[in-house]
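Just need the structure, nothing else, for what follows:
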Amino acid sequence: MDDDDYAGSGARGGSGLRKYAGAVVEKLQNKTITSYYEVADELVHEFAAEHPLMPQDQLIYHQKNIRRRAYDTLNVLLAMGVIRRDNKEITWVGMPLNAIVQCRKLQEEREERLKRIREKANEISEKVCQLIAFKQLVKRNRENEQMYGQAPKASLLHLPFLVISCPPNTVTDCNITKDKLEYLFTFDHTFEISDDTAVLRSLGYQLATNNEPVDDIIESVPPSLRFFVNALYERREAVVPDFESVHAQRKLEAAAAGAAAAAGAGMPQIIQAIPSAVMVPLSDSEIEEEEGSDIEVEVGA
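Coordinates of the predicted model:
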């Protein structure tokens, strides 16, 4: 760098500022953690070593200019988030990504999160189907008990269970460990294993029948899960709704209803907004609590 590069004004001064900004960034990257005084002192000493014959008054002038430009550069980097300052300590964070690259990265992150949301929505839909099936089964068992009395224990099948089906002429061999925790089945034909959820689904315990209104099924499910039920009956993907928009719409509807009621009663118009509430789907533990209730299936009922 020549003397003009360190001038305080003009085109050459601008060039010197750019060079000093690069020098400051290079030192910050190399040190990772440093301070303003350490960076400025090194730049001043380097300048003095490069200009041993410069008069003392000019050297002092340029050194002050160097410190000022180092300070300005650090402020810019701090505003950009490239560095972080804690009292006198300065930590290198990193240069910001190119805007296009950053936008692409955010888009990919958005797609990944939407994918996880869809997967979670599908999992919750399955849990909701399970919940509906168990509630319908409980209702049917209670109705049967009222009409025919309690069924014999020998005809009861407790949840959970598995059903193994195979052709009638299949030769089956079953070995059981002494603790009865492991079962080894051998078949000479193809077979199929169904869990209790699949069996209840095949018996029609997850969707409303002709004699059971859809509204009754929906009412049996917690309010935060009802849009999943609607999606199931409409045979569409259960997309988690924008709850902020839903609440805003409800506030408008409540305000309109309140205004109409006040006008009909000849009273001053009073608009009262319904407090917002976040609808959170039941967790797996809450749904499992529903599933874990004492539910029995009457065989042959």
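
care to break this protein down by domain?
3-92, 107-240+279-298 (automatic domain parsing).

Those domains into CSV, with extra columns for distance to residue 101, mean neighbour count and mean pLDDT?
In this view, the C-beta of every residue, glycine as well, is placed from N, C-alpha and C. Listed next are these as CSV, based on distance: least, C-beta to C-beta, whole Å; neighbours: other C-beta atoms under 10 Å; pLDDT from 0 to 100:
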stretch, distance to residue 101, mean neighbour count, mean pLDDT
domain 3-92, 16, 15, 81
domain 107-240+279-298, 11, 13, 77
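
For residue 260, find the nearest of the ones you listed.
domain 107-240+279-298 (24.6 Å; C-beta to C-beta).

Check the offset of that closest one from the chain's centre.
Centroid separation for domain 107-240+279-298 versus its chain: 26 Å, with C-alpha atoms, centre = their mean, to the nearest Å.

Who are the contact partners of residue 89?
The contact partners of residue 89, taken as C-beta atoms under 8 Å, 6 or more residues apart in numbering, are 33, 34, 35.

Test my guess that the last one contacts residue 86.
No - taking contact to mean C-beta atoms under 8 Å, the distance of 10.4 Å between residue 35 and residue 86 leaves them out of contact.

coming back round to it: I'd like the domains of the chain written out as TSV, with distance to residue 259 added.
TSV is the format used below for these (distance: least, C-beta to C-beta, whole Å):
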stretch	distance to residue 259
domain 3-92	48
domain 107-240+279-298	25
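
Which of those domains sits closest to residue 253?
With C-beta to C-beta as the measure, domain 107-240+279-298 is the member of those nearest residue 253 (16.0 Å).

ranges for the helices of the stretch 1-150 of the chain?
Counting by DSSP state H, counting those that start in this stretch, the segments of the stretch 1-150 of the chain that form helices are 10-31, 36-50, 56-80, 99-148.

Which one of these lies nearest to residue 179?
Nearest of the helices of the stretch 1-150 of the chain to residue 179, taken as C-beta to C-beta: helix 99-148 at 29.0 Å.

which helices and strands does the very next helix or strand once past the closest one pack with?
The C-terminal neighbour of helix 99-148 among helices and strands, as given by DSSP states H and E, is strand 156-158. Packing contacts for strand 156-158, counted by 3 or more C-beta pairs under 8 Å, 6 or more residues apart in numbering; DSSP states H and E, involve strand 296-298.

about what we covered before: just put the helices of the stretch 1-150 of the chain in CSV and tack on distance to residue 260.
Shown next, in CSV, are those (distance: least, C-beta to C-beta, whole Å):
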stretch, distance to residue 260
helix 10-31, 65
helix 36-50, 66
helix 56-80, 53
helix 99-148, 35
